[in-house]
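Novice: What follows is a predicted protein model with its sequence.
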Amino acid sequence: MKRAVLLLAATGSPAIAGGLSSSAIGTAQAEVAVPLVATREADLDFGAIFATTAPGTVILGADGTASYTGGVRPACVPGACGPLHPAAFAVAGEGGRAYLVTLPTAITATGTTTAGSPAPPLAVAELTVRTASRPAAGPGGQLDATGHDRFEVGGTLHVPAGIPAAGYRAIIPVMVTYG
């Protein structure tokens with residue numbers, strides 16, 4: 001961490017009648033920090049699913065655990081359709097500093113049906129964060145002495161009843177700040 005110090009000179013107006021005046025010197029400080037950079041390593045992937053006539057969810061934890069509720073089922077046996085996994089990010093910045101990951105409360109995934117028409121939107125909510133340095137601390141992490149860490153993002157995909165076959169994508173805005 002670099003620190004810059006600026007000197008300010010302040011002069012006062014006459015304090016009392018008769019021409020007496022006062023002056024003082026103050027300081028101003030600024031901190032120049034190493035920029036904090038997050039780099040995407042993997043996208044959040046809920047995998048291939050079957051949707052029935054009942055609504056349901058795919059819950060994918062930031063730790064990679066998955067569960068299905070309601071009318072949603074995995075389309076393949078584990079590993080056969082490619083791995084479902086949380087999003088993964090690398091973080092680099094000033095060694096030893098704490099950081100905080102901020103995510104939206106929900107995002108909307110849009111897609112196209114296999115017939116080429118727009119698909120009904122899907123909500124992705126309950127986004128969660130797990131950092132490598134502080135896995136139990138939610139969105140708070142700690143950069144190691146060299147200024148590095150990683151974090152994963154999971155969430156819940158809400159699938160309405162009777163949704164047609166389609167491929168979906170959504171953008172997850174991720175903000176990382178020193179904390």
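Specialist: That came through fine.
Novice: Show me where this protein has its strands.
Specialist: 2-11, 23-32, 37-42, 49-60, 66-74, 87-92, 98-102, 106-113, 122-131, 140-142, 148-159, 166-169, 175-178 (DSSP state E).
Novice: Which among those is found nearest to Cys81?
Specialist: Taking Cβ to Cβ, strand 66-74 is the member of these nearest to Cys81, at 8.0 Å. (C-beta placed from N, C-alpha, C; glycine too.)
Novice: on that earlier part again, tell me which of the strands of the chain is the most buried.
Specialist: Neighbour counts (mean count of other Cβ atoms under 10 Å) averaged over each of the strands of the chain peak at strand 148-159, with a mean of 22.
Novice: So which other helices or strands are in contact with it?
Specialist: strand 49-60, strand 66-74, strand 87-92, strand 98-102, strand 122-131, strand 140-142 (3 or more Cβ pairs under 8 Å, 6 or more residues apart in numbering; DSSP states H and E).
Novice: domain parsing for this protein?
Specialist: Following automatic domain parsing, the chain resolves into domains at 2-32, 37-178.
Novice: Quick one: mean pLDDT over the longest one.
Specialist: Looking back up the chat, that one is domain 37-178. Domain 37-178 shows a mean pLDDT of 94.
Novice: That domain: how far from the chain's middle?
Specialist: Centroid separation for domain 37-178 versus its chain: 10 Å, with Cα atoms, centre = their mean, to the nearest Å.
Novice: coming back round to it: okay, the strands of the chain in JSON lines with distance to Ala80 next?
Specialist: Shown next, in JSON lines, are the strands of the chain (distance: least, Cβ to Cβ, whole Å):
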{"stretch": "strand 2-11", "distance to Ala80": "53"}
{"stretch": "strand 23-32", "distance to Ala80": "51"}
{"stretch": "strand 37-42", "distance to Ala80": "19"}
{"stretch": "strand 49-60", "distance to Ala80": "13"}
{"stretch": "strand 66-74", "distance to Ala80": "9"}
{"stretch": "strand 87-92", "distance to Ala80": "22"}
{"stretch": "strand 98-102", "distance to Ala80": "32"}
{"stretch": "strand 106-113", "distance to Ala80": "22"}
{"stretch": "strand 122-131", "distance to Ala80": "23"}
{"stretch": "strand 140-142", "distance to Ala80": "34"}
{"stretch": "strand 148-159", "distance to Ala80": "19"}
{"stretch": "strand 166-169", "distance to Ala80": "18"}
{"stretch": "strand 175-178", "distance to Ala80": "34"}
